[in-house]
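K.L.:
Have a look; sequence and predicted model below, questions after that.
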Protein chains: 2
Amino acid sequence: TMALRPKFDPQSHNLDKKFRLTKYTGLHGGGCKVPNDVLVKLLQELGANPYHDEQYMGGMIMPRLGIGLDCCVIPLRFGGLSLLQTTDFFYPLIDDPYMMGKIACANVLSDLYAIGVTECDNMLMLLGVSSKFTEKERDTVIPLMIHGFKDSAEEAGTSINGGQTVLNPWCLIGGVATTVCQQNEFIMPDNAVPGDVLVLTKPLGTQVACNSHQWLEQRNDKWNRIKLVVSEDEVEKAYHDAMFNMARLNRTAAQLMHTFNSHGATDVTGFGILGHAANLAKQQRSEVNFVIHNLPCIAKMAAIAKACGNMFGLLQGTSAETSGGLLICLPREQAAKFCAEIKKVEGNQAWIIGIVEAGNRTARIIEKPRVIEVQTLEDGTV
Amino acid sequence: TMALRPKFDPQSHNLDKKFRLTKYTGLHGGGCKVPNDVLVKLLQELGANPYHDEQYMGGMIMPRLGIGLDCCVIPLRFGGLSLLQTTDFFYPLIDDPYMMGKIACANVLSDLYAIGVTECDNMLMLLGVSSKFTEKERDTVIPLMIHGFKDSAEEAGTSINGGQTVLNPWCLIGGVATTVCQQNEFIMPDNAVPGDVLVLTKPLGTQVACNSHQWLEQRNDKWNRIKLVVSEDEVEKAYHDAMFNMARLNRTAAQLMHTFNSHGATDVTGFGILGHAANLAKQQRSEVNFVIHNLPCIAKMAAIAKACGNMFGLLQGTSAETSGGLLICLPREQAAKFCAEIKKVEGNQAWIIGIVEAGNRTARIIEKPRVIEVQTLEDGTV
């Protein structure tokens, strides 16, 4: 199982023992996002594309989604069909190139899953080959990343049929996921009502886990600070758990969104749980607020965040995640069933983390949220 | 008209007069491509996706195109529809941010146009904001680039409904163009037969023009060499012509491919006219060779290439182009009509540059090709 995957050993690939993929970037994973407020300002130029809208196509009123959420929804001129697509790319945040490829693919698919789509018609792969790689590094690392990306695409039942590869100072990987489907095959993310509850399908803390693992390797000042609250083994375990969780597809969650009548979802990535909850709240048709009570976190990550004076904002909900879980609005009576069923089907836990109440389309975390310490089990499940 | 567009003046945007967009990358335009042979090796991992294939979908034999050409063609499960999409992104090669945005958009659309598609259902925009921009530079330059990208998308009758924006050492811009269409709306690029002729819709030499313009600004050794064969005004004019040609859409050409029964086409970008001709030749069902006799080049670029000891390979067909023309196979009796019609509709010239003969699916340029010196006219047409 993936839980037993050994650490990436550069020497077993004839690379220098000091080779670290994460050195080929200055920013890691979801942390490379342009801050939300800056992004909104820069993208103003794109004009008044509304978050959601409707369009009269071929005699039908069809939903349309533009910039602002995970995935766009474009009505097509053919019999009630819509084009749904999304793109995402970023820089290495772990040192195992194969797993990095898997994570990049899971991450881009996650945006389709968030809208309840379970089948991806096509995947494009976006690659930036670091201009700082030696030829040997390039010819070793890039094929491993591609292999991981391809394996995840196959696991998702899709295939890679194009893309673009450029030289870039930083190593870069991502993709474009596209599907064409009928209206009953996706779930518009704007139907939350007061009384719904919020479910999260992966634990938080991937950035904390990846960063603290780097500090451990570097034995730097930050390591000296956090070693008072965690052991080396705990950091290694958390790093491994983060890697495993990031590589996991949110596909079962997307399927179960239909079964249990989800009122909308988003996936948790660069803006943290609170940022994405706020984005989702803003899109709602009803006047609702999202209130988060529980924060499931990879074990020990809350302690590290506290020991660092909240530098990650993990408990404030602002710590960037990469390929995080789906945050799903469900009718109250369906939420526990959803969690039981996902545990049954894929073995992984999901958590009820908050509620939907009447409000002004914002999101918040209560003052003293309950931290749930999440351990990945020996068999790879959470 | 665009022919009269003044040079980008940083000071009129309150930027330092020495600000140059092209300094925010180490590689320019199509020149950032990973060399073809390296790319083929790296992408081996993706396995035996054939260049072209057929697939039995819903009772129909439908064409399928994977990696290797401009655009993938994916049969969908709905009534004879196919998904066609393409992505491209690169780094600034001119200093005018607005025009750079227009070029990036025209460049990605060109891959759809090459397969005879004239309508794009959706565009995603890919942006890398240089981490070396000051805040002022970022807030000036990025909106201009987005504005140009958006204007070209609108000119093409499509809109931008998503994308990804990251921080990156080099400034990066590109997109993803997607369309869903019926089989008679696109033209598979594999039906060339002996007796066809090859038509090119834009002049070559964009890389030579952009580079020699930089040398002129820097007054460097290379400028000292080429100033023996070209005047400052000629370099300024060529740079302007290159910018104008790169920003031009190949959409009319795509429409006329249907009218005049094209047997297939490709667009000319990073691998140069010969590289792309060779890629196209390799895909053909019939055993054909492509032979190129004429090289339409932006005026004076051939002289510069010669003065530099063929460093660009312009006359050898290997000089990278950005957002180049379509290279189109047409039945011999249709080619002159195609050229006359495109001149009539959009005002721009196209050239018959070679022939298709029986052979082994390769491409070559004759020993002494005729160079056609191409001037852009006052009204912006070629």
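P.N.:
Nice, I can see it.
K.L.:
Helix, strand or coil: sort out A:Thr165 for me.
P.N.:
Using DSSP: H, G, I helix; E, B strand; the rest coil, the secondary structure recorded for A:Thr165 is strand.
K.L.:
That one bridge partners, please.
P.N.:
A:Leu127 (DSSP bridges).
K.L.:
Any idea how many residues pack against it?
P.N.:
Number of residues near A:Thr165 (other Cβ atoms under 10 Å in any protein chain shown) recorded here: 20. Where you see a C-beta, it was placed from the backbone N, CA and C, and this is true even at glycine.
K.L.:
A:Asn279 too?
P.N.:
Going by other Cβ under 10 Å, the residues that sit close to A:Asn279 add up to 19.
K.L.:
mind listing the helices for chain A?
P.N.:
For chain A, helices defined by DSSP state H occupy the ranges A:36-43, A:97-114, A:135-155, A:206-218, A:221-226, A:232-247, A:251-259, A:272-282, A:301-307, A:332-346.
K.L.:
what's the spacing between the nearest residue to A:Ala209 once chain neighbours are set aside and A:Gly359?
P.N.:
Ranked by Cβ to Cβ, 6 or more residues apart in numbering or on different chains and with sequence neighbours excluded, the top spatial neighbour of A:Ala209 is A:Ala242, at 3.7 Å. To A:Gly359, A:Ala242 is 32 Å away according to Cβ to Cβ, to the nearest Å.
K.L.:
More neighbours: which of those two?
P.N.:
A:Ala242 (31 against 17).
K.L.:
which residues touch the more buried one?
P.N.:
With contacts defined as Cβ atoms under 8 Å, 6 or more residues apart in numbering or on different chains, A:Ala242 is in contact with A:Ile94, A:Gly205, A:Thr206, A:Ala209, A:Cys210, A:Ile298.
K.L.:
burial measure for the nearest residue to the fifth one once chain neighbours are set aside, as a count.
P.N.:
Beyond its immediate neighbours in the sequence, the residue positioned closest to A:Cys210 (Cβ to Cβ, 6+ apart) is A:Leu93, lying 4.9 Å away. One way to gauge burial is a neighbour count; for A:Leu93, by other Cβ under 10 Å, it gives 29.
K.L.:
domain ranges for chain A?
P.N.:
Following the TED database, one gets these domains for chain A: A:2-181, A:196-374.
K.L.:
Which one, of those domains, ends up nearest to B:Asp233?
P.N.:
Across the domains of chain A, B:Asp233 has its closest neighbour in domain A:2-181 (33.7 Å, Cβ to Cβ).
K.L.:
average pLDDT across the closest one?
P.N.:
For domain A:2-181, mean pLDDT rounds to 86.
K.L.:
A:Glu45 contacts B:Asp151, correct?
P.N.:
No: using Cβ atoms under 8 Å, A:Glu45 is not in contact with B:Asp151; the gap is 10.1 Å.
K.L.:
got the residues of the stretch 201-350 of chain A near chain B?
P.N.:
Remark: no part of the stretch 201-350 of chain A is in contact with chain B, using Cβ under 8 Å from any Cβ of the partner chain.
K.L.:
ranking the helices of chain A by burial, who's on top?
P.N.:
Sort those by mean neighbour count, taking mean count of other Cβ atoms under 10 Å in any protein chain shown, and helix A:97-114 sits at the top with a mean of 28.
K.L.:
Does anything pack onto that helix? Which helices or strands?
P.N.:
strand A:81-90, strand A:122-130, helix A:135-155, strand A:172-182, helix A:232-247, helix A:251-259, strand A:264-267, strand A:326-330 (3 or more Cβ pairs under 8 Å, 6 or more residues apart in numbering or on different chains; DSSP states H and E).
K.L.:
Distance to B:Glu234 added to the ones you listed, as TSV?
P.N.:
Output for these, formatted as TSV (distance: least, Cβ to Cβ, whole Å):
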stretch	distance to B:Glu234
strand A:81-90	40
strand A:122-130	36
helix A:135-155	39
strand A:172-182	38
helix A:232-247	55
helix A:251-259	59
strand A:264-267	54
strand A:326-330	59
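K.L.:
and of those, who's closest to A:Val197?
P.N.:
strand A:326-330 (6.0 Å).
K.L.:
Partner strands of the closest one, with direction?
P.N.:
Strand pairing (DSSP bridges) places strand A:326-330 next to strand A:197-200 (antiparallel), strand A:264-267 (antiparallel).
K.L.:
Can I get the ones you listed in JSON lines including mean pLDDT?
P.N.:
Converted to JSON lines, the strands paired with strand A:326-330 look like this (pLDDT from 0 to 100):
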{"stretch": "strand A:197-200", "mean pLDDT": "98"}
{"stretch": "strand A:264-267", "mean pLDDT": "96"}
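K.L.:
Could you look over these and pick the most buried one?
P.N.:
Using mean count of other Cβ under 10 Å, strand A:264-267 ranks as the most buried of the strands paired with strand A:326-330, with a mean of 28.
K.L.:
Please list the outside residues in contact with that one.
P.N.:
A:69-70, A:110-111, A:113-116, A:187-192, A:250, A:253, A:257, A:276-277, A:279-280, A:283-284, A:324-329.
K.L.:
How far off centre is it?
P.N.:
11 Å (Cα atoms, centre = their mean, to the nearest Å).
K.L.:
In PDB, could you pull the C-alpha coordinates for it?
P.N.:
Output of strand A:264-267 as PDB, limited to C-alpha atoms (Å, rounded to 0.1, in the frame of the first residue of the first chain):
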ATOM      1  CA  GLY A 264     -22.700  22.300  -3.600                       C
ATOM      2  CA  ALA A 265     -19.000  21.900  -2.900                       C
ATOM      3  CA  THR A 266     -15.600  23.300  -3.400                       C
ATOM      4  CA  ASP A 267     -12.100  21.800  -3.100                       C
END
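K.L.:
With that, I have no additional questions.
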